[in-house]
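**Student:** everything below, folded, please.
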Amino acid sequence: MKKTLLYLTAALVLILLANCSQGVKKVKLSYKYVPGLHLEYEQHMTRAIKVLAKDSIIKDYDRSLVVRVVQEVKSVTEDQIATIYEEDHWSFEAPSKEDSLKIDTMTETHSFTVSVSPNGKLHDVDFGEDASITSASYNRTYWEQGMPEFPDDEVGPGHSWTQTNKVVLPDETLEASTTFKVKSLVREAGYDCAVIEFDGDMVIPLVPDPADSTQRTGLDRIKSTGMIYFAYREGIVVLQRERWVVDGTRQKMEKGEMLHYQIAVESDSEYILKKMQRK
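**Tutor:** Residues are numbered from 1 along each chain as shown. You can find the predicted model right below:
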């Protein structure tokens, strides 16, 4: 009997050790773009905005936005660089141009083309001839600083990496960094997902646009936190939640004088996959 008990105990220990030796499950994070892939997202955003000048609040308002995002993969090169066309359809409430006491629902559409590698590295982005130099530069810098470039190796819960960028200004060079961490592997909206937490400090300058008569320039320091649900089998984002806290400085020409002011923004957004279709 004692021998039997010892055998069973030893066998149980071996089973436990075998289970432990399997380790943490790891997955490959990679976008799996193919020509004709069609994705549709819905983004909900809320913003609380304050504008301050000479230690006084000159504007204080909230804004809610709903954005319909449509993406289509146009082509993929032999080295897997995908060219993606995106249209963003915005709707928001604003005072009526005819009667400022009334609120109208306004709509806008913006489009751009971006080229990215499977690991998320940005190669090129084209906002079109009508886009301002300021907004095009701002969005490109956000992509470079705030979007993840996935590791080459498989990763599991607990794995983290940090992306760092140098921001060269006329008088100084600043550093922006974002840390990404795989929190867990879960099921979300019917997909097997890696949950990726991120925490970053972005630094985004406003590049002056020669077409802007106000000569507006500035610098935004952005604390960005959030979570990405990445469907690793399909290679797409299923859900992303993000919070920005912005501390910005601005200057612009107004009535022949250079006006200096600050902005403070708290922004929350949720980015939800609504449709995926492959041709």
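
**Student:** for the rest of this, base every contact and every neighbour count on C-alpha atoms.
**Tutor:** Will do.

**Student:** per-residue pLDDT, the residue sitting nearest the centre point of the chain?
**Tutor:** The chain has residue 147 as the residue nearest its centroid, 5.2 Å off, counting by C-alpha atoms, centre = their mean. pLDDT, residue 147: 94.

**Student:** so which residues of the chain form strands?
**Tutor:** 38-53, 56-76, 82-95, 103-116, 122-126, 160-168, 173-188, 191-206, 217-231, 236-254, 257-277 (DSSP state E).

**Student:** check these for me and report the most buried one.
**Tutor:** strand 191-206 (a mean of 22; mean count of other C-alpha atoms under 10 Å).

**Student:** pull the CA atoms of that one into CSV?
**Tutor:** Taking C-alpha atoms only, strand 191-206 is exported to CSV below (Å, rounded to 0.1, in the frame of the first residue of the first chain):
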residue,chain,number,x,y,z
TYR,A,191,-12.2,36.7,-31.4
ASP,A,192,-9.1,35.4,-29.6
CYS,A,193,-7.4,38.5,-28.5
ALA,A,194,-4.2,39.7,-26.9
VAL,A,195,-5.1,42.6,-24.5
ILE,A,196,-2.3,45.2,-24.8
GLU,A,197,-2.1,47.9,-22.2
PHE,A,198,-0.2,51.1,-23.1
ASP,A,199,1.0,54.1,-21.2
GLY,A,200,2.8,56.9,-23.0
ASP,A,201,4.1,60.4,-22.9
MET,A,202,3.8,61.9,-26.4
VAL,A,203,5.3,65.2,-27.5
ILE,A,204,3.7,66.6,-30.7
PRO,A,205,4.7,70.0,-32.2
LEU,A,206,2.4,72.0,-34.4
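
**Student:** that older thread, and the residue nearest to the centre of the chain, what does it touch?
**Tutor:** By C-alpha atoms under 8 Å, 6 or more residues apart in numbering, the residues touching residue 147 are residue 120.

**Student:** rewinding a little: out of the strands of the chain, flag the one nearest residue 141.
**Tutor:** strand 191-206 (6.5 Å; C-alpha to C-alpha).

**Student:** report the rounded mean pLDDT for the closest one.
**Tutor:** pLDDT averaged over strand 191-206 gives 97.

**Student:** can we start the residue count at 9 from this point?
**Tutor:** Sounds good: first residue 9 from here, last item strand 199-214.

**Student:** helices or strands up against that strand?
**Tutor:** With contacts taken as 3 or more C-alpha pairs under 8 Å, 6 or more residues apart in numbering; DSSP states H and E, strand 199-214 sits against helix 141-154, strand 181-196, strand 225-239.
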